[in-house]
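**Q** Give me the fold of what follows.
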Amino acid sequence: MKTERVWPYVLPFPIDAKQRRLIWSILQSKVGMSILMRMKMDARTYQQELIKETPYSNKSIIEYLKKMVMAHILDQAMEPHLTDKKKRIWMKWYTPTQLGRRFILFLKQPERIPPETARRTIEELFQLYSSGIVGVCQKYGFSLDSFHHALDQHYFRAVTQKTPRTKPKVVVYGSAALDTYGSTEKLPAPEETVYVEERGRYPGGMGANVAVALSRLGVPAAFVGKIGSDSAGRLLLESLRKNGVDVSYLILAELESLQTIILNDGAGKRWLFTLGSPNTAISLTSPDEVDWKPIAESKIVYIGEVFLEVAPALASFAKKRRKTVIYRPGTPYLKFGVEKLRSVLENVDVFLLNQLGWHTLREASKEEVETPATLLKNGPTTIIVTKGSEGCEVYTHEGSFAVPVSTTLQTRFKIVDPTGAGDSFSAGVMKGLLLGWELKKAVQYGQVAATITCSRIGATPAFPTTQEVESYFRA
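**A** Next up, the predicted model:
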């Protein structure tokens, strides 16, 4: 069903019937309309100007100006003026009221209204409309959340539909989450209450982070995931859009957005809690939700924390089209063991995991997995295990090698928050692969990007630009 196009501004009318009838008589008159079209929004309009410029009799113009004052469309006042003969006369002038500005905004072409004036008038309209919504909710028992939900949905659709679809070099599948940072001295014992000081909220989620990190490094990226139609989802969408990520493939779900709580203590320990429920938008849940077009257009397909109902289909489709497939599922999925991940791994080029993830996978697997190199038999050509400040281990069919983090890098950048390090590292490695670098060089580039990220608070705000990473190599 096609939606009829309507004027985009709400135009509230007064409740008083007499005032409404007076306004209608003004709007139905050519004289009244002519006067309103000539009224200035933010300055005085003099009666003599209107008499001179409006093609109607003085009597008609003055009569309708009086009506407009009575209808509270205009305010009037007088001021003294000296004529050329030094004679003092009184001149009447008018300015539009709040109600009057609404009518002028409605009648004039948008391009003829100063942007700041239009902005202020629209804000006034919104305040008035919001007050009306609250009154309706109280009177008829509507939920205020339903109005928030409707506003968020329209906003999401407008942003995603107007976002131009680019040809991404990397398409990222994963999750987006709102990260809330807090600090506490310790975790509470049972029945104990501890004070947590909130330190900030930042857009996050492994998949969304990787897409933003890629974009910061100058790599065109599209993010494919699911966000909820709530205020958190709006923040996530804005972050992706402002960082240049293609969000045209993003799925809006009538669910709550994923949220994460990150707690730090004074001793450098960190705890992460993911807030989830059956009503949480985590990621794509079925191959039916997949838009396959961005895979065909990209060079690298990054599969992050994607449900195992979807990940094998993504990897298989990408591999058949000779795309480089990067798989970094995160700890929750590594707990399934290698047996359940094999359907994904058989079509993966690079399997990325951190040291904790490696130990989790090994313990969860029923078959014996002695070293990360053992995983190569399941399909990947490269296994990368990151070990924080100790660097990483790389395993290929030709052998393995270590890539330590240089002491110069560790000295130059002080670690303050490791959140997003793995995401930034992954983005750096993928940029190196796109540029055709050998694996070791790509890993080193990723290490620099990750270390710079760790020197700042948050994930999305901390990701470095190409210039910041390359300035390290030039130093």
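**Q** Packing partners of the longest helix along the chain?
**A** In the chain, taking DSSP state H as the definition, the longest helix is helix 115-140. Packing partners of helix 115-140 (3 or more CB pairs under 8 Å, 6 or more residues apart in numbering; DSSP states H and E): helix 98-107, helix 144-162. No exception for glycine: its C-beta is placed from N, CA and C like everyone else's.
**Q** any idea of the angle that helix forms with helix 144-162?
**A** 140 degrees (axes from the mean of the first three to the mean of the last three CA atoms, to 10 degrees).
**Q** hmm, back to that, would you format the helices and strands packed on helix 115-140 as JSON lines with mean neighbour count, distance to residue 387 and mean pLDDT included?
**A** Output for the helices and strands packed on helix 115-140, formatted as JSON lines (neighbours: other CB atoms under 10 Å; distance: least, CB to CB, whole Å; pLDDT from 0 to 100):
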{"stretch": "helix 98-107", "mean neighbour count": "18", "distance to residue 387": "61", "mean pLDDT": "84"}
{"stretch": "helix 144-162", "mean neighbour count": "14", "distance to residue 387": "38", "mean pLDDT": "81"}
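**Q** Is it possible to get CSV of these that adds distance to residue 261?
**A** Converted to CSV, those look like this (distance: least, CB to CB, whole Å):
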stretch, distance to residue 261
helix 98-107, 44
helix 144-162, 22
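**Q** where in the stretch 351-475 of the chain is pLDDT low?
**A** By pLDDT under 70, the low-scoring segments of the stretch 351-475 of the chain are 475.
**Q** Helices along that one, start to end?
**A** 355-364, 407-412, 421-434, 439-454, 466-474 (DSSP state H, counting those that start in this stretch).
**Q** I'd like the distance from the first one to the chain centre, please.
**A** Its chain's C-alpha centre lies 33 Å from the corresponding centre of helix 355-364 when counted by CA atoms, centre = their mean, to the nearest Å.
**Q** name the helices or strands packed onto it?
**A** Partner elements for helix 355-364 (3+ CB pairs under 8 Å, 6+ apart): helix 331-334, helix 338-345, strand 382-386.
**Q** which parts of it are buried?
**A** 357-358, 360-362, 364 (16 or more other CB atoms under 10 Å).
**Q** Could you measure from residue 227 over to residue 215?
**A** Per CB to CB, to the nearest Å, residue 227 is found 17 Å from residue 215.
**Q** neighbour-wise, which of those two wins?
**A** residue 227 (31 against 24; other CB atoms under 10 Å).
**Q** right, and that one touches residue 233 too?
**A** Yes - using CB atoms under 8 Å, residue 227 is in contact with residue 233, at 4.0 Å.
**Q** Need the overlap of contacts for the two.
**A** 156, 252, 257, 281 (CB atoms under 8 Å, 6 or more residues apart in numbering).
**Q** Regarding stretch 66-84, how distant is the last residue from the first?
**A** One end of stretch 66-84 sits 29 Å from the other (CA to CA, to the nearest Å).
**Q** Contacts made by that stretch with the rest, please.
**A** Stretch 66-84 is contacted by residues 14, 19, 22-23, 25-26, 32, 35-36, 39, 65, 88-97, 99-100, 103 when judged by CB under 8 Å, 6+ apart.
**Q** Quick check: closest non-adjacent residue to residue 446.
**A** Distances taken as CB to CB, 6 or more residues apart in numbering place residue 428 nearest to residue 446, at 3.1 Å, with adjacent residues excluded.
**Q** repeat for residue 228
**A** Nearest non-adjacent residue to residue 228 (CB to CB, 6+ apart): residue 257, at 3.7 Å.
**Q** Out of all residues in this structure, which is the farthest from the middle?
**A** residue 85 (64.6 Å; CA atoms, centre = their mean).
**Q** Okay, and that residue sits in which element?
**A** Using DSSP states H and E, residue 85 sits in no helix or strand.
**Q** same thing with the one 5 residues further on?
**A** With elements taken from DSSP H and E, the one containing residue 90 is strand 88-96.
**Q** Report all helices and strands that that strand contacts.
**A** strand 45-46, helix 47-53, helix 58-70, strand 74-82.
**Q** any idea how far residue 155 is from the residue nearest to residue 137 when sequence neighbours are not counted?
**A** Excluding the flanking residues, the one nearest residue 137 by CB to CB, 6+ apart is residue 144, at 5.2 Å. Residue 144 sits 17 Å away from residue 155, going by CB to CB.
**Q** and if you look at residue 22?
**A** For residue 22, the distance to residue 155 - CB to CB - is 37 Å.
**Q** what do you get for residue 112?
**A** From residue 112 to residue 155 the distance is 27 Å (CB to CB).
**Q** Residue 97 now?
**A** 30 Å.
**Q** Same check on residue 460?
**A** 20 Å.
**Q** go on, residue 397?
**A** From residue 397 to residue 155 the distance is 49 Å (CB to CB).
**Q** can you check residue 283 too?
**A** 22 Å.
**Q** How is this protein divided into domains?
**A** Each domain of the chain is listed here as a residue range: 17-140, 168-187+196-474, per automatic domain parsing.
**Q** Now distance to residue 162 too, for those, in TSV please.
**A** Output for these, formatted as TSV (distance: least, CB to CB, whole Å):
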stretch	distance to residue 162
domain 17-140	17
domain 168-187+196-474	9
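**Q** How about residue 241: what's its closest non-neighbour residue?
**A** residue 247 (5.6 Å).
**Q** Also residue 286?
**A** residue 309 (6.1 Å).
**Q** ranges for the helices of the stretch 151-300 of the chain?
**A** 206-216, 231-242, 293-297.
**Q** and of the ones you listed, who's closest to residue 270?
**A** helix 206-216 (15.8 Å; CB to CB).
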